[in-house]
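Novice: just to be clear, the model below is a prediction. Sequence and coordinates:
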Amino acid sequence: MTTSQNPAALEVKEEHFLDAPTGVEAETEDEDVPEIERPWNPEQIRVNTKQFSLRNVLDMIDDDSLELAPDFQRGRVWKHVQKSRLIESVLLQIPLPAFYFAEDADGYMRVVDGLQRLSTIHDFVRGGDERGFVLKGLEYLKGTVEGKRFDDLPAPWKRRINNAQIMAHVIDPTTPPDVMYDIFKRINTGGTPLNAQEIRHCMSKDRSRSILKAMTSTVEFNEATNGLGGHTRMNDREMALRFAAFWLHGAEGYLKFGTMDSFLQRTTTMLDDVSEVDDTAVERLTDAFRRAMENARDVFGDQAFRKWPQGPEAGKYPINRALFEAWAITMCDYDPGDLTRRTPAIVAAARELMSVDYRYLDSITSSTGDSRRVMYRFEATERAAEAGR
């Protein structure tokens, strides 16, 4: 069956960011699927409101007691004029929208909402080699501070920035991670909202970040995904996290979570805790990931993890997350020599699934986190991987 015979099932929409394609297929959810109720106890939601001066906040950033989510490209995409006008707002003493910080048990905090604003202010006042980037494109202070860096400002203007007060809602460390994640999803509405993996990145610790970065920096991953490592929306990190989640829990282990958000949030917490996933397990995880990427590339070439139906070639579709997790987990334990011998049969079986099996197409296209669809795509993928035996 060709694409034209089943257009709805094989509809492909690529994600875009800042009007540019990201190389990853957008995931869609069916409107008819009811939202899963989460029985959170309201007493578990602990958020305290505190007031800080900008000088105090900048000092906290410099002494690492307030973390600006390192290696977070998405948080620094503001254009020069946007940055300048934020500084202008501070100089005009216009109150900034509230910030959200997440505090850990040791008293250290991470910025989970307001990263772009604080990064901009920090860059302007204490930005290293770019200290005091030049203000331009101002609306109200054009004749006063236009073209100046922080060091060029008269002392009264510097004091106005340093003494400006901000309001921060601090999520208490006793708040369970899943509750904390839900809180942030609810308040994440300003500007261009963060996606799920960007939220997890802001809330996670350095250990899980480093693990996922190492996985997506490998030659094997980038060869299998056409250089997806360093993705501007962190879709590469999400794919590595999905692999880790299914590798640690198994496909059947997904059933007790019921939603992809809960599944991936729990896995992030595990990767952050060496007592749950020790360094030896991380090494095994990374080795399995490398094998999976090598095997997928060797079998599918540049069509790895993409919809590839039978019929006339239509170029390459974007990478599909559901295909990635199912084929990566399935491929990680196969012997490369065995796969090489059976490659034509495996490719034919996989393409048939993506052409005539509507249930499989549904499982990789919409509501991909539905437990039944997760189980079916893993089962069908595993059968296809056995083709040619």
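Specialist: Structure's in. What do you need? Numbers count the residues shown, from 1 in each chain.
Novice: output the below-cut-off pLDDT ranges for the stretch 101-250 of the chain.
Specialist: 128-132, 188-192 (pLDDT under 70).
Novice: what about the helices in it?
Specialist: Per DSSP state H, counting those that start in this stretch, the stretch 101-250 of the chain carries helices over the ranges 115-126, 142-145, 155-163, 177-187, 196-203, 206-216, 219-224, 235-249.
Novice: how far out from the middle of the chain is the second one?
Specialist: By that I understand helix 142-145. 39 Å (C-alpha atoms, centre = their mean, to the nearest Å).
Novice: for stretch 294-311, same thing?
Specialist: With C-alpha atoms, centre = their mean as the basis, the mean position of stretch 294-311 lies at 23 Å from the chain mean.
Novice: that stretch: end-to-end distance?
Specialist: 26 Å (C-alpha to C-alpha, to the nearest Å).
Novice: buried residues, it. List them.
Specialist: In terms of neighbour count (16 or more other C-beta atoms under 10 Å), stretch 294-311 has its buried residues at 294-300, 303-309. (C-beta placed from N, C-alpha, C; glycine too.)
Novice: also stretch 157-167?
Specialist: 157-158, 160-162, 164, 166.
Novice: what's the answer for stretch 369-384, then?
Specialist: 369-370, 373-374, 376-378, 380-381, 384.
Novice: what about that stretch, average pLDDT?
Specialist: For stretch 369-384, mean pLDDT rounds to 97.
Novice: neighbours around the nearest residue to P21 once chain neighbours are set aside, how many?
Specialist: In space, and not counting its chain neighbours, P21 is closest to E14: 5.0 Å by C-beta to C-beta, 6 or more residues apart in numbering. E14 has 13 neighbouring residues, counting by other C-beta atoms under 10 Å.
Novice: same check, this time on D287
Specialist: D287 has 11 neighbouring residues, counting by other C-beta under 10 Å.
Novice: okay, the angle between the host helix or strand of it and helix 206-216?
Specialist: Assigned by DSSP states H and E, D287 falls within helix 279-300. Helix 279-300 and helix 206-216 meet at an angle of 30 degrees, taking axes from the mean of the first three to the mean of the last three C-alpha atoms, to 10 degrees as the criterion.
Novice: what residues sit buried inside stretch 221-231?
Specialist: Neighbour-count burial for stretch 221-231 flags 221-225, 228-229, 231 (criterion: 16+ other C-beta under 10 Å).
Novice: pull the most distant pair out of those residues.
Specialist: E223 and H231 (15.3 Å; C-beta to C-beta).
Novice: tell me the bridge partners for the residue nearest to P21.
Specialist: For E14, the residues forming beta bridges with it (DSSP bridges) are E25.
Novice: got a list of contacts for the helix holding D287?
Specialist: 211, 214-215, 218, 220-221, 223-225, 240, 243-244, 247-248, 271, 277, 304-305, 308, 327-329, 331-334, 336, 339-340, 343, 346-347, 350 (C-beta atoms under 8 Å, 6 or more residues apart in numbering).
Novice: 7 Å instead, please
Specialist: Around helix 279-300, the neighbours that count as contacts under C-beta atoms under 7 Å, 6 or more residues apart in numbering are 211, 214-215, 218, 220-221, 223-224, 240, 243-244, 247, 304-305, 327-328, 331-332, 334, 336, 339-340, 343, 346-347.
Novice: what packs against the helix or strand that that helix is followed by?
Specialist: Reading on from helix 279-300 to the C-terminus, the next helix or strand found by DSSP H and E is helix 321-331. Counting contacts by 3 or more C-beta pairs under 7 Å, 6 or more residues apart in numbering; DSSP states H and E, helix 321-331 packs against helix 235-249, helix 279-300, helix 371-385.
Novice: next, format those as a markdown table and append distance to P176.
Specialist: Formatted as a markdown table, those follow (distance: least, C-beta to C-beta, whole Å):
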| stretch | distance to P176 |
| --- | --- |
| helix 235-249 | 18 |
| helix 279-300 | 24 |
| helix 371-385 | 22 |
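Novice: ok, which of those comes nearest A105?
Specialist: Of all the helices and strands packed on helix 321-331, helix 279-300 sits nearest to A105, with 21.9 Å by C-beta to C-beta.
Novice: the closest one vs helix 321-331, what angle?
Specialist: 100 degrees.
Novice: thinking again about what came up before, for the helices of the stretch 101-250 of the chain, give me TSV that also has distance to L264.
Specialist: Shown next, in TSV, are those (distance: least, C-beta to C-beta, whole Å):
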stretch	distance to L264
helix 115-126	20
helix 142-145	44
helix 155-163	39
helix 177-187	9
helix 196-203	7
helix 206-216	11
helix 219-224	18
helix 235-249	5
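Novice: mind giving me the domain ranges of this protein?
Specialist: Per automatic domain parsing, the domain ranges recorded for the chain read 3-27+195-385, 42-187.
Novice: which of the helices and strands packed on helix 321-331 sits closest to V47?
Specialist: helix 235-249 (26.0 Å).
Novice: quick revisit: residue contacts, the residue nearest to P21?
Specialist: 21-22, 25-26, 318.
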